[in-house]
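[1] After the sequence you'll find the predicted model.
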2 protein chains.
Amino acid sequence: MIRKKRAQENTILDIAGALKLSAATVSRALNGQVHVKEKTRNDVLKMAEKLGYRRNQMASGLRSNKTYTVGLIVPRISMFFHAEVITTIQNNLHKHGYNLMICQSNDDISMEKELTEILFSSRVDALIVACTLFTTDFSHFLKFMESGVPVFFYDRVPPHLPGAMVIRGDDIRGGYLAASHLIETGCRHIAHISGPLSCNLYRDRSAGFYSAMEQHHIAVNEDWIFHQELTTVNAREAMRKLFEGKKVPDGLCTDNDSSAIAALEYARETGINVPKDLKIIGYSNDPRTAIISPAITTIEQFPNQVGKKIVDVLVDLLKNEKNIDELSNAPIIIPTELIRRMST
Amino acid sequence: MIRKKRAQENTILDIAGALKLSAATVSRALNGQVHVKEKTRNDVLKMAEKLGYRRNQMASGLRSNKTYTVGLIVPRISMFFHAEVITTIQNNLHKHGYNLMICQSNDDISMEKELTEILFSSRVDALIVACTLFTTDFSHFLKFMESGVPVFFYDRVPPHLPGAMVIRGDDIRGGYLAASHLIETGCRHIAHISGPLSCNLYRDRSAGFYSAMEQHHIAVNEDWIFHQELTTVNAREAMRKLFEGKKVPDGLCTDNDSSAIAALEYARETGINVPKDLKIIGYSNDPRTAIISPAITTIEQFPNQVGKKIVDVLVDLLKNEKNIDELSNAPIIIPTELIRRMST
DNA sequence: TCAAAAACTGAAAACGTTTTCATAAAATTA
DNA sequence: TAATTTTATGAAAACGTTTTCAGTTTTTGA
């Protein structure tokens, strides 16, 4: 048996027919426009309710060139920081009548590219992106800007992309806070597990790290600096290297919490006492850092502020049909904060 | 300055014009239909590439009544189980050319209702739902079924809704496994922190719990059975009640991992030794349970299997334009498994 | 009371595709 | 070679809205 054809749905014409009105008037009534008599509007709304009418978003979008849908591309929704940002964005967009189309790139560049094609085809009204770790070419986003579709990067952002908006955490300060904190608690031999330098996050956090070390006149041991994908496996491997020689570190900065957790577990297994022998600090304030023992000191990134700010700017842009050029091109910076716990 | 009007985009007509073809032929060429000369197809594809043509999804969807978009409503994307299911669904749907529109109900019924309206308006080709904890009236899903749009419930599912597909974990067995395990490790005074009975999950897990207790001839102390929202606060409050009297439990089943974690932390703070004085078991195998000390025994739900199965069935339905009625109406059950750790 | 302005409504075009129907060209068959 | 089938293409309708333009009715102001 062939599937029941959908589309016995009532259209605007059915309402019009039932009330002996034109489609135009019904449309105006439903959209709360001026110049429609109060009684007419009520009649229309009542009839729409009665007929179970629901606007066909595609017809509406096709004609008016507005989808009321915002696209979002993110490496992975399961990362705590992103999950929080997304939830805030979605809840706030919803208040303004916008939907969010969430897509995951799985940190894969070709997937990211493909998703931009799909979202462009869907004619989203705006695009929000946290890039993959490896995105250095941003040309696949240009089509949106050329069509006047606002593009908002957060967290993992392009170095400079004219016409795009950027919001990110103060990672330089975050890196600085982390390293300074270790130094202040007495560490003098500090290692750093960071991510690939292709990504702004790790460039900035590293810069902050170096700046703190320099300020306190502590030499950086380059053998103890890792730039690698921040996986559990890599973190354990780094720990093995760090503790295989005679000289071992007494402090460890990691640029995400998963690495910090992996390092802590490695330490636990190999009898390295945290925080006595080794102090560890993470990044992101993932709830897991509060649960593990000892709880891990980390850097808060305020995902809710990030999400809220993105929506505020975007809605302003969309509702007022403003051009991005009117906005300052300077990136918006969200502050970072040290969360002290037992690991330091 | 008014925002640049988008829609300088090239359409199918521009391709047709450039090649002196009709729109119909271009459309056929782009969609890989038969009856178009190889050379013509190549010309079209080349010109589309050259002009940077991208199909307007709304026009296409309006005409063909297919959006290649599947809607998903979930309480919260940040819950581990759901994040995993969603990711699997998205990655697998993508392989078949479908997009996923992810929406969060925040466990709020009226939000859930509203989202069904929005997704219906968007004319999604199918709908996947994990209900709120409190959804007992499922009438807002009927519009989809009436229009022949497949609806797939998972995890939190309706008791019986003709025309809808259902996939869920074997929660009865899960509850049974948990309680049995506690009994087998020596517990005789077992408490149970469960969720609201309005939700199938907790009815089933409770049923499993009772069945294990009965089988081992252990009396259930009804004062130790909690049905409440599974929040940290509620779990702590339950622990307080459990340990305020003379008679205290030696085993605790919790119906999610957050409660297990909260209980464990409460125990740690109040000097209750886990697992010596109290054995704790969670539900879901949230990664946090493996990190905390002692690591918490829990029930694995295989989110990836759930996601994979949903897509398999859905794609079969969508591609072959089959009617749901052809499918067995029996719910699909995914097995559950005990994960033994240090807390028991 | 009359002219001008404002409010209300409808007809028809438009959005960019896909699809139906018709027709022309090419390939196949007898 | 003629008749038939298959292949290739185009014209035009259709999808369900929104919007423009024009026309009619009502209200306002003097």
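    Looks like it arrived, so ask away.
[2] Only the buried residues of stretch A:82-101, if you could.
    Going by neighbour count (16 or more other Cβ atoms under 10 Å in any protein chain shown), the buried part of stretch A:82-101 is A:82-94, A:98-101. C-beta here means a position set from N, CA and C on the backbone, and glycine is covered the same way.
[3] These in helices, which ones?
    Cross-referencing these against helices under DSSP state H gives A:82-94.
[4] Could you export those residues as CSV, including distance to DNA strand D and pLDDT?
    CSV is the format used below for these (distance: Cβ to the nearest atom of the strand, whole Å; pLDDT from 0 to 100):
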residue, distance to DNA strand D, pLDDT
A:82, 33, 97
A:83, 33, 97
A:84, 34, 97
A:85, 31, 98
A:86, 28, 97
A:87, 29, 97
A:88, 28, 98
A:89, 25, 98
A:90, 23, 96
A:91, 25, 96
A:92, 23, 97
A:93, 19, 96
A:94, 19, 95
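[5] Grab the two from those that are most spread out in space.
    Pairwise distances among these were taken by Cβ to Cβ; the largest, 18.1 Å, belongs to A:82 and A:94.
[6] what about the residue nearest to residue A:66 when sequence neighbours are not counted, neighbour count?
    Computed as Cβ to Cβ, 6 or more residues apart in numbering or on different chains, the closest residue to residue A:66 that is not its neighbour in sequence is residue A:125, at 6.1 Å. Residue A:125: 20 surrounding residues under other Cβ atoms under 10 Å in any protein chain shown.
[7] right, and residue A:125 touches residue A:64 too?
    No: under the criterion of Cβ atoms under 8 Å, residue A:125 makes no contact with residue A:64, lying 10.8 Å away.
[8] buried residues in stretch A:332-344?
    A:332, A:334, A:336, A:338-339, A:341, A:343-344.
[9] And the residue nearest to residue A:286 when sequence neighbours are not counted, how close does it get to DNA strand C?
    In space, and not counting its chain neighbours, residue A:286 is closest to residue A:257: 3.9 Å by Cβ to Cβ, 6+ apart. Using Cβ to the nearest atom of the strand, to the nearest Å, residue A:257 is found at 45 Å from DNA strand C.
[10] repeat for residue A:214
    Distance of residue A:214 to DNA strand C, computed by Cβ to the nearest atom of the strand: 56 Å.
[11] for the helix or strand where that residue lies, the distance to its chain's centre please.
    Per DSSP states H and E: residue A:214 is located in helix A:200-215. Chain-centre distance of helix A:200-215: 22 Å, with Cα atoms, centre = their mean, to the nearest Å.
[12] Show me which residues of stretch A:277-295 are buried.
    A:278-286, A:288-289, A:291-292, A:294-295.
[13] Can you tell me which of those is closest to DNA strand C?
    Nearest to DNA strand C among the buried residues of stretch A:277-295: residue A:284, at 41.7 Å, using Cβ to the nearest atom of the strand.
[14] so that closest one sits right up against residue A:302, yeah?
    No: here residue A:284 does not reach residue A:302: they are 10.6 Å apart, not a contact under Cβ under 8 Å.
[15] which of the buried residues of stretch A:332-344 sit farthest apart?
    So, these by Cβ to Cβ: farthest apart are A:332 and A:343, at 30.8 Å.
[16] Pretty sure residue A:145 is one of the things residue A:164 touches, is it not?
    Yes: proximity of residue A:164 to residue A:145 meets the contact threshold set by Cβ under 8 Å, at 6.5 Å.
[17] and those two? which has more neighbours close in?
    Taking neighbours as other Cβ under 10 Å, residue A:164 and residue A:145 compare with residue A:164 leading, 22 against 17.
[18] Could you find the closest non-adjacent residue to that one?
    Distances taken as Cβ to Cβ, 6+ apart place residue A:151 nearest to residue A:164, at 4.7 Å, with adjacent residues excluded.
[19] burial of that neighbour, as a residue count?
    A count of nearby residues for residue A:151, using other Cβ under 10 Å, gives 23.
[20] residues contacting it?
    The contact partners of residue A:151, by Cβ atoms under 8 Å, 6 or more residues apart in numbering or on different chains, come to A:126-129, A:141, A:144-145, A:163-165.
[21] Also residue A:54?
    By Cβ under 8 Å, 6+ apart, the residues touching residue A:54 are A:9, B:117, B:120-121, B:143.
[22] What of residue A:290?
    Neighbouring residues of residue A:290 by Cβ under 8 Å, 6+ apart: A:296, A:341.
[23] if I look at it, how far off is DNA strand D?
    Distance, residue A:290 to DNA strand D, by Cβ to the nearest atom of the strand: 48 Å.
[24] for residue A:71, same thing?
    21 Å.
[25] again with residue A:319
    From residue A:319 to DNA strand D the distance is 14 Å (Cβ to the nearest atom of the strand).
[26] ok, and the closest non-adjacent residue to that residue?
    Excluding its sequence neighbours, the residue lying closest to residue A:319 (Cβ to Cβ, 6+ apart) is residue A:96, at 7.3 Å.
[27] again with residue A:340
    Leaving aside its chain neighbours, residue A:340 sits nearest to residue A:297 (5.4 Å; criterion: Cβ to Cβ, 6+ apart).
[28] Same check on residue A:40?
    Once flanking residues are discounted, residue A:40 sits nearest to residue A:29: 6.1 Å by Cβ to Cβ, 6+ apart.
[29] On the pLDDT front, check residue A:9 for me.
    In this model, residue A:9 is scored at 83, pLDDT.
[30] ok, now the one 4 residues further on?
    What the model reports as pLDDT for residue A:13 is 95.
[31] Kindly report the same for the one 5 residues further on.
    Predicted confidence (pLDDT) for residue A:18: 94.
[32] Next: residue A:213.
    On the pLDDT scale, residue A:213 gets 97.
[33] can you tell me which residues contact it?
    By Cβ under 8 Å, 6+ apart, the contact set of residue A:213 is A:179, A:183, A:190, A:219-220.
[34] now, among those, which is nearest to DNA strand C?
    Nearest member of these to DNA strand C, counting by Cβ to the nearest atom of the strand, is residue A:179, at 52.7 Å.
[35] Which secondary structure element is home to the closest one?
    Assessed by DSSP H and E, residue A:179 sits inside helix A:171-184.
[36] what angle separates that helix from helix A:200-215?
    Between helix A:171-184 and helix A:200-215, the angle comes out at 40 degrees (axes from the mean of the first three to the mean of the last three Cα atoms, to 10 degrees).
[37] Fine, thanks again, bye for now.
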